[in-house]
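**Student:** One predicted model, sequence on top.
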Amino acid sequence: MGDRLHWAASAAAAALCALLPAVGGAPIALAGLIAGWAAVSAERRVPLLRIAAGLLWGAAAGLAFALLADRFELRYVWLYSGAALPAHLKLANLWGGDEGTTLLLAALCATFSVPVARELSARIDAGALIAACYALAAAWLAPFAATPAEWLAQAPSQGMNAHLMKVWMLLHAPAVLAAYAWTLSLAAPALAALGGGAPRWPASATAHARRAWALLTAGIGFGMVWAFEDAMYGQVWHWDPVQTAVLAVWCLLGAHLHGIPGWGIGRGMWRWMPAAALLAAALTAVAMGVTRNELLASSHRYVGASSWAVHFALAGLLAAAGVGLWARGRRPLAGYPPVPSQPAAWGLRATQVAFALAGLAAAGHLAWAFAAGMQGAARPDELKPFLATLAAWAQGSELPALRAAFDRWDVDGYALARALLVPLTAVGLVGGWFFARRVSRRIGRVSLAFAASSCLAVFLEGGPLARHYSGAGVLSQQVVAVLPHIDASLLTGAYLALGCTAWAATAAWRTPRAARRVLPLWLVHLGAMLALWGALLSTGLNAYSQHLIEHAGDWQRAHRGYAFRIASLQVDRAPDGGRGGSEGSFRALAQVEIETPSQGVVRGQTLYRDARAPVAGGGGPVRQLCEVLDYRFARYADRPGYLLHPFVAHGWLRDVQLWVSTSAAVAALEGGAAAGPAVVVLRSFPFASLLWAGLVLTTAGALSFALRPAAARRA
């Protein structure tokens, strides 16, 4: 009966939204009311949630149909889509705006609340309330509202954001959104456990936590690849406020997962596991609120979104409920006598604490940035790189806007990185000992003593990076200050990887049938350490060289034995569905070649795209160089319809980016032969392949572990 009602509700909502979009908000609002009813009705909770989920998925299908059919009379379609877009990018716009994203999130939350509700019998279900909250927010945002007549008279459609017109839009956003919904589904069991009302952690919640962590890892990885190819970022990580919030969620999910084995009410540190899950859910709402709030400078932004208050209010309610139930759960727990802990259990708890501290450190720095921004505190000059150079070249009328942009607060990534290196080092030591001890207690003790003493020596006297770092990268001075910490974390990461590998090999040798059980855990831990090595080495040891090219076709020598040339430049102006009006935007494809020390000559192209007039794309070599090297200025210089895309050559030893500035493209579009030299920047990132390989291994292991039956997960 429940399945029939679910599919009937979904089909009816889809047909209504597709045929009569003017009343498309009705099934969304109805779903919110039904989910709210389910939250307070334990007997009818599951069928009501399934009906609500069906209505929401039907509305989402109706909105997808409108996007594919170019129904520009709907405001949402007019704002985010374009007739010239390929079908997959039209469909990707379903999560390209706040209205569609909130609708999808509500549908996911309602769906994922069902299995948890089956196992819990709480008087009020937090998961259903979260689904109701987001469904009503989606109805308020009105994804099926009509396009104003003056907008349609101005242009057939606004077009897609240029930064989103990539295949990563199909992977990064849905993975993160599904991870968010699975994380939010942990709120209900976490609250029940904190209050002492859930003596057994639901199996469905365990599966949800594993899937959330796996998909969040994959989503972060896809986002890193995306950022690596975009001038708004240019590197895999830069402590954007949204990135910082997502990292906090990822760390707290890690703390929660390490606390699940052997969990029970009354045992040592039993509140840490549900508390980490609840904090992860609350910070998920914070991350979505940060994406929609304009106080902090951020490259992740739903422009004009007004729903940030809903997300922040939900986060506050979850935190307040957690505090109240934590206090309630502190009363004597009769019938739950304390259970003595084994040494291995203390290893998991120490790892849990380290992950929790890392997540709280990220959340604390984010809160500090918000507080400073709200108070109007002045940002220190050291957090404004390139501003002095840009100020000397900026026009007088632009200088106030430039200073205002750099005065906006974001997260102090350097301070946060220094703070996070400490728990990272601790996780490596504890994790290495934990796995080595499972091979042999003596091996565990001896290896821990050796790793700890080596870590201390590296920290005090410096390791390979501290001794051989050349300081040729953009972050040279900032990296030099923490090189001993990086060396120590790399060493302990290697200890964890070796310990996990030894344990997996020993377990498989002792019991061949155990190989299938230990393989996912080995992949997760080995991949995480490889990703850590790759991220630290590629970011810390990055190098660049800048060049002014007068004539295309000539080979130019660069740093570390590289050479490059611009072989040709092709220019057009045609509609492509992106921002830029009906006539299309200017596009310049530079065919480039890079001669590498080991791979020979690799060929590719760079893209310059701009919806503005050609003359507005220039600004002088200094400004263009700052745009490539500093994401803060790139964010300031960004305009709707503008994109600078490098050619990326991936290699096992290093990845290389070749950026060709807009000046050559602008000169060609204006018809001039040599309006000015082209600014070209060659950047190299050593051992970035470790990062990509590590992310693949970690995600594969996590997904394999999360999707297997519960009985097969015991290792």
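**Tutor:** Everything's here; your move. Residues are numbered from 1 along each chain as shown.

**Student:** Tell me which helix or strand in the chain has the weakest average pLDDT.
**Tutor:** Across the helices and strands of the chain, mean pLDDT, DSSP states H and E gives its lowest value to helix 662-669, namely a mean of 57.

**Student:** Past that one, which element shows up next along the chain?
**Tutor:** Downstream of helix 662-669, the first helix or strand assigned by DSSP states H and E is strand 678-686.

**Student:** Can you list the helices and strands that that next one packs against?
**Tutor:** If contacts are counted by 3 or more C-beta pairs under 8 Å, 6 or more residues apart in numbering; DSSP states H and E, strand 678-686 sits against helix 515-540, strand 543-549, strand 563-574, helix 621-629, strand 654-660, helix 662-669. No exception for glycine: its C-beta is placed from N, CA and C like everyone else's.

**Student:** Strand partners (parallel or antiparallel) of that strand?
**Tutor:** Counting by DSSP bridges, the strands paired with strand 678-686 are strand 543-549 (antiparallel), strand 654-660 (antiparallel).

**Student:** Switch those strands over to CSV; also include distance to Thr147 and mean pLDDT.
**Tutor:** Formatted as CSV, the strands paired with strand 678-686 follow (distance: least, C-beta to C-beta, whole Å; pLDDT from 0 to 100):
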stretch, distance to Thr147, mean pLDDT
strand 543-549, 45, 85
strand 654-660, 37, 91
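
**Student:** and of the ones you listed, who's closest to Leu216?
**Tutor:** With C-beta to C-beta as the measure, strand 654-660 is the member of the strands paired with strand 678-686 nearest Leu216 (23.5 Å).

**Student:** Tell me how far that closest one lies from the chain's centre.
**Tutor:** How far strand 654-660 lies from its chain's middle: 23 Å, per C-alpha atoms, centre = their mean, to the nearest Å.

**Student:** Run the angle between that strand and strand 563-574 for me.
**Tutor:** With axes from the mean of the first three to the mean of the last three C-alpha atoms, to 10 degrees defining the directions, strand 654-660 sits at 50 degrees from strand 563-574.

**Student:** who wins for proximity to Ala361 among the helices and strands packed on strand 678-686?
**Tutor:** That would be helix 515-540 among those, by C-beta to C-beta, at 16.4 Å.

**Student:** quick one: terminal-to-terminal distance for stretch 85-103?
**Tutor:** Start-to-end span of stretch 85-103 (C-alpha to C-alpha, to the nearest Å) is 23 Å.

**Student:** just stretch 186-200 next, same as before
**Tutor:** 14 Å.

**Student:** what sits up against that stretch?
**Tutor:** Contact partners of stretch 186-200, identified using C-beta atoms under 8 Å, 6 or more residues apart in numbering, comprise 113, 116-117, 119-120, 122, 125-128, 130, 201-202, 205, 208-209, 212, 256, 264-265, 271, 273-275, 277-278, 280-282, 318, 321-322, 325-326, 328-329, 331, 333, 336.

**Student:** Quick check: buried residues in it?
**Tutor:** Residues of stretch 186-200 classed as buried by neighbour count (16 or more other C-beta atoms under 10 Å): 186-198.

**Student:** same deal with stretch 546-564?
**Tutor:** Residues 546, 549, 552, 558, 562, 564 are the ones in stretch 546-564 that count as buried (16+ other C-beta under 10 Å).

**Student:** contacting residues around it?
**Tutor:** Under the criterion C-beta under 8 Å, 6+ apart, residues 472, 543-545, 565-569, 592-597, 621, 625, 656, 658, 664, 674, 677-682, 684 lie in contact with stretch 546-564.

**Student:** What is the nearest of the buried residues of stretch 546-564 to His163?
**Tutor:** Gln546 (23.8 Å).

**Student:** Quickly list what the closest one is bridged to.
**Tutor:** Beta bridges link Gln546 to Val681, judged by DSSP bridges.

**Student:** got the contact list for Leu360?
**Tutor:** 248, 279 are the contacts of Leu360 under C-beta under 8 Å, 6+ apart.

**Student:** Recalculate using a threshold of 6 Å.
**Tutor:** By C-beta atoms under 6 Å, 6 or more residues apart in numbering, Leu360 lies in contact with nothing.

**Student:** Three-state assignment for it, please.
**Tutor:** helix (DSSP: H, G, I helix; E, B strand; the rest coil).

**Student:** Would you mind splitting the protein into its domains for me?
**Tutor:** Domains of the chain are assigned by automatic domain parsing as 1-160, 413-540+700-712, 543-686.

**Student:** among those, which is nearest Ala401?
**Tutor:** Nearest of those to Ala401, taken as C-beta to C-beta: domain 543-686 at 8.2 Å.

**Student:** okay, how far is it across that closest one, tip to tip?
**Tutor:** Start-to-end span of domain 543-686 (C-alpha to C-alpha) is 9 Å.

**Student:** residues contacting the residue nearest the centre of the chain?
**Tutor:** Nearest residue to the geometric centre of the chain (C-alpha atoms, centre = their mean): Ile220, 4.0 Å. For Ile220, no contacting residues are found, by C-beta under 6 Å, 6+ apart.

**Student:** Could you say which helix or strand holds it?
**Tutor:** Counting by DSSP H and E, Ile220 is part of helix 203-228.

**Student:** Distance from that helix to the middle of the chain?
**Tutor:** Offset of helix 203-228 from its chain centre (C-alpha atoms, centre = their mean): 9 Å.

**Student:** Mind listing what's buried along that helix?
**Tutor:** 204-228.

**Student:** Do you have the helices of the stretch 401-550 of the chain handy? List them.
**Tutor:** Along the stretch 401-550 of the chain, counting by DSSP state H, counting those that start in this stretch, helices occupy 413-439, 441-461, 464-468, 476-480, 483-510, 515-540.

**Student:** what packs against the longest one?
**Tutor:** In terms of contact count using 3 or more C-beta pairs under 6 Å, 6 or more residues apart in numbering; DSSP states H and E, helix 483-510 is assigned the packing partners helix 413-439, helix 441-461, helix 464-468, helix 515-540.

**Student:** related to what we said a few turns ago, of the buried residues of stretch 186-200, just say which sits nearest to Leu707.
**Tutor:** Nearest to Leu707 among the buried residues of stretch 186-200 is Leu186, at 17.8 Å by C-beta to C-beta.

**Student:** Leaving out chain neighbours, which residue sits closest to that closest one?
**Tutor:** Leaving aside its sequence neighbours, Leu186 sits nearest to Ala277 (C-beta to C-beta, 6 or more residues apart in numbering; 4.1 Å).

**Student:** How about Ala531?
**Tutor:** Closest residue to Ala531 apart from its sequence neighbours, by C-beta to C-beta, 6+ apart: Gly694 at 3.0 Å.

**Student:** what's around that neighbour, how many residues?
**Tutor:** By other C-beta atoms under 10 Å, the residues close to Gly694 number 23.

**Student:** For it, what is the enclosing helix or strand?
**Tutor:** Counting by DSSP H and E, the element that carries Gly694 is helix 688-707.

**Student:** Same question for Ala356.
**Tutor:** With DSSP H and E as the test, Ala356 turns up in helix 343-375.

**Student:** for that helix, what is the average pLDDT?
**Tutor:** Helix 343-375 carries an average pLDDT of 90.

**Student:** With stretch 401-419 instead?
**Tutor:** For stretch 401-419, mean pLDDT is 88.

**Student:** And for stretch 706-713?
**Tutor:** On average, stretch 706-713 scores 59.

**Student:** next one: stretch 435-442
**Tutor:** pLDDT averaged over stretch 435-442 gives 92.

**Student:** Contacts only, for Tyr636.
**Tutor:** Going by C-beta under 6 Å, 6+ apart, Tyr636 touches Ala405.

**Student:** Look up the pLDDT of it for me, please.
**Tutor:** We have a pLDDT of 83 for Tyr636.

**Student:** Next secondary structure after the helix or strand harbouring it?
**Tutor:** Using DSSP H and E, the element containing Tyr636 is helix 631-637. Next in sequence after helix 631-637, counting helices and strands by DSSP H and E, comes strand 643-645.
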